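K.L.:
model the structure of this input:
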Amino acid sequence: MLDNLTILAQVPVLNVQLLLDGLIVGAIFALTAYGLALVWGVMNLKNLAQGDFVIMGGYIALVLQRRDGKTIVMVEQNAKKGLAVADVGYVLVSGEVVVAGTGRELLENPEVGRLFLGG
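P.N.:
Next up is the predicted model:
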C-alpha cells in the first residue's frame, strides 16, 4: 500500500503540480484579503482581518468567566480597557510590582495615569 510521501517521491511531476496549485490558491486568498481590507478601510467599516472581533470575543469570554467565579490572568496592551474590567491590577516596572490595587483604583491613581495611561 502506498502512502502520500511514497507517491510524491515516485512522481516528481506531481510535486511541481501540487506546489503550483498551493501557490495559486494562496495568492487568491491573499488578493481577496487585501481587496476586502482595502475596500472596508475606505468605507470605514469594521475589518475582520484586524482582529477587533477577536478582542471583543475575548472580553465577552472574560465577562462570562467572571460570572462563573473563575480567575483569569490577562495581559492587555490597552491598559484602560483592561483595568476597567479587572478586579485586581498590578503595575510592574522591570519585573517588580510597584503599584497594586483594584482596577478602578489604578485607573484613578494619578501617578499610574501619568506614567502608563497617557496622562
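
K.L.:
which residues in this structure form strands?
P.N.:
Using DSSP state E, the strands of the chain run over residues 89-93, 96-101.

K.L.:
which one of these lies nearest to W40?
P.N.:
Shortest distance between W40 and the strands of the chain, using CB to CB, is found for strand 89-93: 34.3 Å. Glycine gets a C-beta too; all of them are placed from N, C-alpha and C.

K.L.:
the closest one pairs with which strands, and in what direction?
P.N.:
Note on strand 89-93: by DSSP bridges, its sheet partners are strand 96-101 (antiparallel).

K.L.:
now the partner strand: how far from the chain's centre is it?
P.N.:
Distance of strand 96-101 from the chain centroid (CA atoms, centre = their mean, to the nearest Å) equals 26 Å.

K.L.:
also stretch 59-68?
P.N.:
Put simply, stretch 59-68 sits 17 Å off its chain's centre (CA atoms, centre = their mean).

K.L.:
so for that stretch, mean pLDDT?
P.N.:
In this model, stretch 59-68 has a mean pLDDT of 80.

K.L.:
hey, where'd the helices end up in the protein?
P.N.:
With DSSP state H as the criterion, the chain has helices at 4-10, 12-42, 52-67, 79-85, 103-108, 110-116.

K.L.:
can I get those helices in JSON lines including distance to E96 and mean neighbour count?
P.N.:
Output for the helices of the chain, formatted as JSON lines (distance: least, CB to CB, whole Å; neighbours: other CB atoms under 10 Å):
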{"stretch": "helix 4-10", "distance to E96": "52", "mean neighbour count": "10"}
{"stretch": "helix 12-42", "distance to E96": "41", "mean neighbour count": "11"}
{"stretch": "helix 52-67", "distance to E96": "26", "mean neighbour count": "12"}
{"stretch": "helix 79-85", "distance to E96": "18", "mean neighbour count": "16"}
{"stretch": "helix 103-108", "distance to E96": "16", "mean neighbour count": "16"}
{"stretch": "helix 110-116", "distance to E96": "14", "mean neighbour count": "13"}
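
K.L.:
and these as CSV, adding distance to V97?
P.N.:
Listed next are the helices of the chain as CSV, based on distance: least, CB to CB, whole Å:
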stretch, distance to V97
helix 4-10, 53
helix 12-42, 40
helix 52-67, 22
helix 79-85, 15
helix 103-108, 12
helix 110-116, 12
